[in-house]
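Novice: Quick one, what's the 3D model for this:
(chains A, B and C)
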Amino acid sequence: MHVEQKDGQDSPVDLIVDRKQFCFQRKLRLTKPAEFKRVFSNPLKSSDRYLTVLYRPNKLVNPRLGLAIPKRNIRRAKDRNRIKRLIREIFRTQQWEIGSFDIVVIAKPQANSCGSVDLSESILSHFKKLWLQKACDA
RNA sequence: CGAGUUGACUAGACAAUCGCUGUUUCGCCUUUGUGGUGGAAUGGAGGAAAGUCCGGGCUCCAUAGAGCGGGAUGCCAGGUAACGCCUGGGAGGUGAAAGCCUACGGAAAGUGCAGCAGAGAGUAGACCGCCUUAUCUCUUCUUGUAAGCGAUAAGGUAAGGGUGAAAGGGUGCGGUAAGAGCGCACCGCGCAACUGGUAACAGUUGUGGCAUGGUAAACCCCAUCCGGAGCAAGACCAAAUAGGGAGGCAGUGGUUCGCCACAUCGUGUUGCUCGCACGGCUUCCGGGUAGGUCGCUUGAGAUAUACGGUGACGUAUUAUCCAGAUGAAUGAUUGUCCACGACAGAACCCGGCUUAUCGGUCGACUCACCUU
RNA sequence: UGGGGAAUCGUCUAGCGGCAGGACUGCGGACUCUGACUCCGCCAACCAAGGUUCAAAUCCUUGUUCCCCAG
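Specialist: Numbering: from 1, shown residues only, chains lettered A, B, ... in the order given. Prediction:
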């Protein structure tokens, strides 16, 4: 945890915000089991038919995304890949709208049966909720 | 041109923008580290990546030991690192043909199993039958050692009927009281010799005379092969926490001071037994969870050519490096075109098999029709 | 990702080549003034597809689904 805070302080924040780039690098992801555990332990929830989104404010300037697509819910590897790509792409394009949150997206079995349009709308609505929360906090 | 068989190849294309990730390289920052960050170049899922059904490499474990047990394979020859795979051949089945399919060793080594039905289910058997003889009853007329119907008894049979999944060679002729491999011919089967073939096997000739039914994906026998676990294997760096790891010596009795014998339970050796190792004391020092690094992609590689081989494949030369992530990369948006895009996503790596699959391209062959 | 196991009426289970049995549930009846308990009867299944066998839930092969273990 200590290390991450440091990173946040040191990163050249203003530079990136000015450029408004839509990259999706390693620091925008949850990488370690401990980080995942932190989100799961005391989360705020938002869910619908397709997805459950757990989130928690972090102390960084950027949001971070973690994906949990269980094999139990979505059986075939190609479908799991498709859903992951979809979520990642939307996160990438919307990352400046979302505040400083650690987000874990969990897929439900229905996520496979619906089309990609429905799924992307669902993701967008979840992220909008986050944005509203950020506004309230502000 | 139609119907079919078979062997290969392919798996939307192009352009723009925004992204992910490996490698190389150039800047900048820096806590100087295999760091962070920005740019450039370049690479980035499959024919099945899947199932995990086989085989191998690689790594560790154990005295990589022995025996028993267990498992796998099963026509012959070859290929291969190896295989349960492939190629060629044989045999059997199937199709009009090209072709396709086959767990295809042994039932005269042994033990079993076959419910019900049926006379009888494996040292065969006799229900209805057929035939003979004896006795009895009756009928006929030629009045008999007659012929015939029926009953009983004693035999001979297995042609026919019936049972069953299966009834102890098949068909025909002779033969007979009726029958029967009883005899003969052909077919099948067994044995022997010869010929061809590396062999499986095939052919020819002779001979036997039915003896040898089915089931081995029942036990089993024969031949060949198999130690176990798996990259979450394993190696290294290392907060925390906990006490461990390596080397040396040996208890009791005897003693010729070299050694020998005894003690005896537990644990391990992933089925069992034998065998083997560990346990006590002392000396020395590191130990290794979170996390990270390596293993991690140059290989029984791929491409092309030549040669050898019927072929699987092998040999030689040439040229080349072709995913390597670690919450896990190939996507998104827009435009154009068409046949409107199936099955589906690498996680240590190869060789197969099996299963899923919208289509497209090329080659070879068979049959039918038409034209010449 | 690797390894291991299972599948039998609606549910839980027995069955190791020869008619698939039991319990609970369901339905019908009996008992009772009625209900429960009890008794009797009925319905209902071998995960799928091939193969071996005269005969397969059982033996073999392939597939499907589910569960467990290793962080």
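
Novice: Which residues of chain A lie near RNA strand B?
Specialist: A:6, A:10, A:16, A:21-27, A:29-34, A:36, A:66-69, A:76-79, A:81, A:84-86, A:88-89, A:92 (C-beta under 7 Å from any atom of the strand). No exception for glycine: its C-beta is placed from N, CA and C like everyone else's.

Novice: Now, those that are in strands?
Specialist: A:66-68 (DSSP state E).

Novice: What subset of these is buried?
Specialist: A:66-67 (16 or more other C-beta atoms under 10 Å).

Novice: Tell me where the model's unsure across chain A.
Specialist: Scanning chain A for pLDDT under 70 picks out A:1-21, A:137-138.

Novice: for it, longest helix please?
Specialist: helix A:116-137 (DSSP state H).

Novice: what comes up buried for that one?
Specialist: Within helix A:116-137, the residues that qualify as buried are A:119, A:122-123, A:126-127, A:130, A:133-134, counting by 16+ other C-beta under 10 Å.

Novice: Is A:F40 in contact with A:V104, as I believe?
Specialist: Yes: counting by C-beta atoms under 8 Å, A:F40 touches A:V104, with 7.0 Å between them.

Novice: Name the residues contacting each of these two.
Specialist: The contact sets of A:F40 and A:V104 overlap at A:L54 (C-beta atoms under 8 Å, 6 or more residues apart in numbering).

Novice: more neighbours, the two?
Specialist: A:V104 (21 against 14; other C-beta atoms under 10 Å).

Novice: Give me the phi and psi for the more buried one.
Specialist: Torsion angles at A:V104 (phi, psi; degrees, to the nearest 10) stand at phi -120, psi 120.

Novice: One more: A:R64?
Specialist: Dihedral angles (degrees, to the nearest 10) for A:R64: phi -130, psi 140.

Novice: Count the residues that sit near it.
Specialist: Neighbourhood size, A:R64 [other C-beta under 10 Å]: 24.

Novice: Kindly report the same for A:N81.
Specialist: 12.

Novice: residues touching it, list them.
Specialist: A:N81 neighbours (C-beta under 8 Å, 6+ apart): none.

Novice: Perfect, I'm done here.
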